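[1] Just a sequence and a predicted model for now, questions to come.
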Amino acid sequence: MPPSRTKHNTPQSSSSSSSENDDNIYLPSMIVFDLDDCLWTPEMHELPGYPDIPVQGYLNPSSDSSSSDDDDDEEEVGTIGMQVPRYKTTVKLYTGARRALRELVTNPNYKHIVIGVASTSLEPSYSHACID
């Protein structure tokens, strides 16, 4: 069965002289991300134990750089990874994954899209710990 798509109106640009069709875009109703080595690294089967220590960092990946060219960007801090106690192994979201997830959550054009995750992890409890 083909994926469901929903027609959404997007804000019209004042400098655009686009036709009526250009104002509408079709977006998926749901986006599902794979977990291991897609959203984060390392893979769950590579961990020496259960990850249960939250690792804080900038939610906006562009805030990671030391350049302060964009003072308008909010420097929101939140959990960007989970660490395994004693071993210091950390499961961290890829920068591109953080960027994509942030865009989906903060851009009003995507407010109707459901975000899901999928995995065939050999350690599902580890995956749940990282998601929660």
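    Great, that's in hand.
[2] Contacts only, for the residue nearest in space to the middle of the chain.
    The chain has Leu101 as the residue nearest its centroid, 2.4 Å off, counting by C-alpha atoms, centre = their mean. Neighbouring residues of Leu101 by C-beta atoms under 8 Å, 6 or more residues apart in numbering: Phe33, Leu39, Leu93, Ile115. From N, CA and C alone the C-beta is placed, and that goes for glycine too.
[3] Next step: these restricted to strands.
    Within the contacts of Leu101, residues falling in strands by DSSP state E are Phe33, Leu93, Ile115.
[4] Please work out the average pLDDT along the longest helix anywhere in the chain.
    Criterion DSSP state H: the longest helix present in the chain is helix 95-106. Averaged over helix 95-106, pLDDT sits at 93.
[5] after the worst-scoring helix or strand of the chain on mean pLDDT comes which helix or strand?
    Ranked by mean pLDDT, DSSP states H and E, the weakest helix or strand in the chain is strand 5-9, scoring a mean of 57. Following strand 5-9 in sequence order, the next helix or strand is strand 24-28 (DSSP states H and E).
[6] So which elements touch that next one?
    Contact here means 3 or more C-beta pairs under 8 Å, 6 or more residues apart in numbering; DSSP states H and E; on that basis strand 24-28 packs against strand 5-9.
[7] returning to that earlier point: make CSV from the ones in strands among the contacts of Leu101 and add neighbour count and distance to Ala129 to it.
    Below are these laid out as CSV (neighbours: other C-beta atoms under 10 Å; distance: C-beta to C-beta, whole Å):
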residue, neighbour count, distance to Ala129
Phe33, 16, 17
Leu93, 22, 14
Ile115, 13, 19
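[8] hang on, the earlier thing: what's the spacing between the longest helix of the chain and its chain's center?
    Computed by C-alpha atoms, centre = their mean, to the nearest Å, the separation of helix 95-106 from the middle of its chain amounts to 4 Å.
[9] Can you give me the buried ones in it?
    By 16 or more other C-beta atoms under 10 Å, the buried positions in helix 95-106 come out as Ala97, Arg98, Ala100, Leu101, Leu104.
[10] now these as CSV including distance to Leu27?
    Converted to CSV, the buried residues of helix 95-106 look like this (distance: C-beta to C-beta, whole Å):
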residue, distance to Leu27
Ala97, 19
Arg98, 21
Ala100, 14
Leu101, 16
Leu104, 10
